[in-house]
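Undergrad: This is a predicted model, with the sequence first.
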Amino acid sequence: MENNPSYWSCSIRNHIRQGSLRCALLAYKQTRHVGLYDSSVVPLLLKACAFLPFLHYVKTLHAESIKAGSGSDVIIGTALLTSYCKCDATRDARKLFDTMPERNVVTSNAMISGYLRNGDTGSASLVFEEMQGKTQVTWSQMIGGFARNGDIVTARRLFDEVPRELKDVLIWTVMVDGYARIGEMEAARGIFELMPERNCFVWSSMLYGYCKKGNIAEAEAVFSRVLVRNLEIWNSMIAGYVQNGFCEKALQAFEGMVAEGFEPDEFTVVSVLSACAQLGSLDVGKQIHHMIEHRGIAVNPFVLSGLIDMYAKCGDLVNARLVFEGFNERNIICWNAMISGFAINGKCREVLEFFGRMEDSNIRPDGITFLTVLSACAHGGLVREAFEVISKMEGYAIEIGIKHYGCMVDLLGRAGRLKDAYDLMVRMPVKPNDIVLGAMLGACRIHSDVNMAEQVMKLIHEDSVTGANSHNVLLSNIYATSEKWEKAERMRRIMVDGGSQKIPGCSSIIFSDYCGLK
């Protein structure tokens, strides 16, 4: 078997078919040790390299193709060019492109795609202008690429220049999606209504655009017009409801989707679990968990973090932890979900314990991880631990942002170290925002420190911070708590004269029963 090219070729193809890309590359390495070379598997291996991405393997395959005499093969050359671009090596790709003895439309499209992927619209335009035999793929790449890179005007110009015989449903869809992605829904609607035919993707793009802008009524109107819905359209509508806080409607839509015979996938359950988490619907969340297991839905890191988040926000940390511990391939999203779950339930020591476990597992914390841990320290009064945590941010080369500083100001203020909190606030490399100043004033109120509150208010008025009126309310309450009635009354007069008024609060109670979900 060792010297049988067919055996190794089948082995490599099977690995790639099963998604075992590293195993495919390892198998290829073994064939080279015994002196075998099969040019037919090189394009497949290059796709694997591009996906991982492994630039050094691409260069190795390139060199071996030249040695074997297949370097001039247009299929291998195009695969090499594509892989270089996906590994962010556009210079290498262009060098190859310029030296290829034979090029076709696919090769030119690959070069254009590579430039656009890396934001080089100028170079993409040069290749486009010189290209002969532009296809629908060429035009759609250019339109979509310019739209994604923020030049919607050029994207529209290109759309208008597409020859009539080439302007198929894909090109119309790319233009609609370009507008929808940046929230220009009037322009998107204008193109959408002119389309001679529509596919499922363009309906989903319209739903996405309206939901992103928070216009659920228009999204529902579009959804009601879809005569033949697929899973992607249902997922778009359900996700839109959840993202805009219409969680009850999301669950109702989910019921409707299942009633129409659609099998939920991992995208569906992530949205539905988020709806359960926001509503605190533990019973429904458990039914969704059972459905995931019963129907064999793939549990990727997003589904896993959705389950953890749902259980944690519903107060069931036992099941949240069981789900977490039962999954071996945990990434940063899963760790953040578990740490956040402990934090929102006030389990500060568990937050620190899992943060330590995360570091030991060689998963690199990100800015969200540190913000969650610092917030937990602030609520738990863990000053020493918070300083230890924030000192680690430099070691991970993570920028300390305004929210991280805000946690530290809040922590020091709660602990009664008002001067330290104030000194940190004025030394921050970023200007304190309304939330940080509010936390500082809140600490002054807790500890009845009128002098420090006045100092903070002086800073607020000097910097003309947005929301100064709301801080005036807080200062007035601090004066009142300290029995400085004259100053409290003076502040109230300032607020009345300045037109400040308290916005009345409102609340809602949800009575829903989704126990029918199976």
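TA: All right, it came through fine. Every value quoted in this text rests on a predicted model; they were computed, and no experiment measured them. Numbering: from 1, shown residues only.

Undergrad: Mark out where each domain of the protein begins and ends.
TA: 1-133, 401-518 (automatic domain parsing).

Undergrad: got TSV for those, with mean pLDDT too?
TA: Listed next are the domains of the chain as TSV, based on pLDDT from 0 to 100:
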stretch	mean pLDDT
domain 1-133	86
domain 401-518	71
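
Undergrad: Can you say which of the ones you listed is packed in most?
TA: domain 1-133 (a mean of 17; mean count of other Cβ atoms under 10 Å). For glycine as for every other residue, the C-beta is placed from the backbone atoms N, C-alpha and C.

Undergrad: Would you pull up how far that domain lies from the middle of the chain?
TA: 29 Å (Cα atoms, centre = their mean, to the nearest Å).

Undergrad: Can I get the domains of the chain in TSV including distance to Glu350?
TA: Output for these, formatted as TSV (distance: least, Cβ to Cβ, whole Å):
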stretch	distance to Glu350
domain 1-133	35
domain 401-518	18
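
Undergrad: and of the ones you listed, who's closest to Phe262?
TA: With distances scored as Cβ to Cβ, the stretch of these nearest to Phe262 is domain 401-518 (13.9 Å).

Undergrad: what's near enough to touch the residue nearest to Arg349 when sequence neighbours are not counted?
TA: Computed as Cβ to Cβ, 6 or more residues apart in numbering, the closest residue to Arg349 that is not its neighbour in sequence is Gly380, at 7.7 Å. For Gly380, the contacting residues are 346, 348-349, by Cβ atoms under 8 Å, 6 or more residues apart in numbering.

Undergrad: before we move on, what about Ala386?
TA: 374, 377-378, 407-408, 411.

Undergrad: So which of those residues are in helices?
TA: Mapping the contacts of Ala386 onto helices (DSSP state H) picks out 374, 377-378, 407-408, 411.

Undergrad: from those, which two are the most distant?
TA: Maximum distance among the ones in helices among the contacts of Ala386 (Cβ to Cβ): 8.9 Å, for Cys377 and Met408.

Undergrad: Can I get the contacts of Ala386 in TSV including distance to Gln18?
TA: Shown next, in TSV, are the contacts of Ala386 (distance: Cβ to Cβ, whole Å):
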residue	distance to Gln18
Leu374	42
Cys377	45
Ala378	47
Cys407	45
Met408	48
Leu411	49
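
Undergrad: Three-state assignment for Glu399, please.
TA: coil (DSSP: H, G, I helix; E, B strand; the rest coil).

Undergrad: Check what pLDDT it gets.
TA: At Glu399, the pLDDT value in this model is 93.

Undergrad: Looks like it contacts Gly367 (just checking).
TA: Yes: using Cβ atoms under 8 Å, Glu399 is in contact with Gly367, at 7.3 Å.

Undergrad: And the two? Which one has more around it.
TA: Ranked by neighbour count (other Cβ atoms under 10 Å), Glu399 and Gly367 place Gly367 first, with 15 against 10.

Undergrad: residues contacting the more buried one?
TA: If you count contacts by Cβ under 8 Å, 6+ apart, Gly367 has them with 398-399, 401, 404.

Undergrad: quick one: which of those residues is nearest to Phe128?
TA: Checking those one by one against Phe128 (Cβ to Cβ), the nearest turns out to be Glu399, at 37.8 Å.

Undergrad: how far away is the closest one from Leu374?
TA: 14 Å (Cβ to Cβ, to the nearest Å).

Undergrad: Confirm for me that Asp177 is in contact with Asn199.
TA: No: using Cβ under 8 Å, Asp177 is not in contact with Asn199, being 11.1 Å away.

Undergrad: More neighbours: which of those two?
TA: The neighbour count for Asp177 versus Asn199, taken as other Cβ under 10 Å, is higher for Asp177 (22 against 15).

Undergrad: so the more buried one is in which element?
TA: Assigned by DSSP states H and E, Asp177 belongs to helix 169-181.

Undergrad: burial measure for the closest residue to Val270 other than its chain neighbours, as a count.
TA: Of all residues not flanking Val270 in the chain, Gly306 sits nearest, at 4.6 Å (Cβ to Cβ, 6+ apart). Neighbours of Gly306 under the rule other Cβ under 10 Å: 28.

Undergrad: Using CSV, list the CA coordinates for the helix or strand where Gly306 lies.
TA: Using DSSP H and E, Gly306 sits within helix 301-313. Output of helix 301-313 as CSV, limited to C-alpha atoms (Å, rounded to 0.1, in the frame of the first residue of the first chain):
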residue,chain,number,x,y,z
PRO,A,301,-19.3,26.4,20.2
PHE,A,302,-22.2,28.8,19.4
VAL,A,303,-24.9,26.3,20.4
LEU,A,304,-22.9,25.3,23.5
SER,A,305,-22.5,28.9,24.6
GLY,A,306,-26.2,29.5,23.9
LEU,A,307,-27.1,26.6,26.2
ILE,A,308,-24.8,27.8,28.9
ASP,A,309,-26.1,31.4,28.6
MET,A,310,-29.7,30.2,28.7
TYR,A,311,-29.2,28.1,31.9
ALA,A,312,-27.2,30.8,33.6
LYS,A,313,-29.6,33.6,32.9
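
Undergrad: Can you name every helix or strand that it contacts?
TA: Other elements packing on helix 301-313 under the criterion 3 or more Cβ pairs under 8 Å, 6 or more residues apart in numbering; DSSP states H and E are helix 266-279, helix 282-295, helix 317-325, helix 332-344.

Undergrad: tilt between the last one and helix 301-313?
TA: When you say that, I think you mean helix 332-344. Between helix 332-344 and helix 301-313, the angle comes out at 0 degrees (axes from the mean of the first three to the mean of the last three Cα atoms, to 10 degrees).

Undergrad: how far does stretch 299-312 sit from the chain's center?
TA: On Cα atoms, centre = their mean, the centre of stretch 299-312 falls 15 Å from the chain's centre.

Undergrad: same question but for stretch 222-240, I mixed them up
TA: Offset of stretch 222-240 from its chain centre (Cα atoms, centre = their mean): 21 Å.

Undergrad: which parts of that stretch are buried?
TA: Neighbour counts over stretch 222-240 (16 or more other Cβ atoms under 10 Å) mark 222-223, 226, 229, 233-240 as buried.

Undergrad: and which of these is nearest to Phe324?
TA: Using Cβ to Cβ, the buried residues of stretch 222-240 come closest to Phe324 at Ala239, 23.9 Å.

Undergrad: From Ile182, how far out is the closest one?
TA: Going from Ala239 to Ile182 by Cβ to Cβ gives 19 Å.

Undergrad: pLDDT wise, what is the nearest residue to Asn300 once chain neighbours are set aside at?
TA: For Asn300, ignoring the flanking residues on the chain, the nearest one in space by Cβ to Cβ, 6+ apart is Glu266 at 5.8 Å. Here the pLDDT value assigned to Glu266 is 96.

Undergrad: Relative to Lys313, how far out is Glu266?
TA: Remark: distance between Glu266 and Lys313 (Cβ to Cβ) = 20 Å.

Undergrad: ok, now Pro429?
TA: Pro429 is 34 Å from Lys313, where distance means Cβ to Cβ.

Undergrad: Quick one: neighbours of Glu218, just the number.
TA: By other Cβ under 10 Å, neighbour count at Glu218 equals 17.

Undergrad: That one contacts Tyr208, doesn't it?
TA: No: look at Glu218 against Tyr208 with Cβ under 8 Å: they stay out of range, at 11.9 Å.
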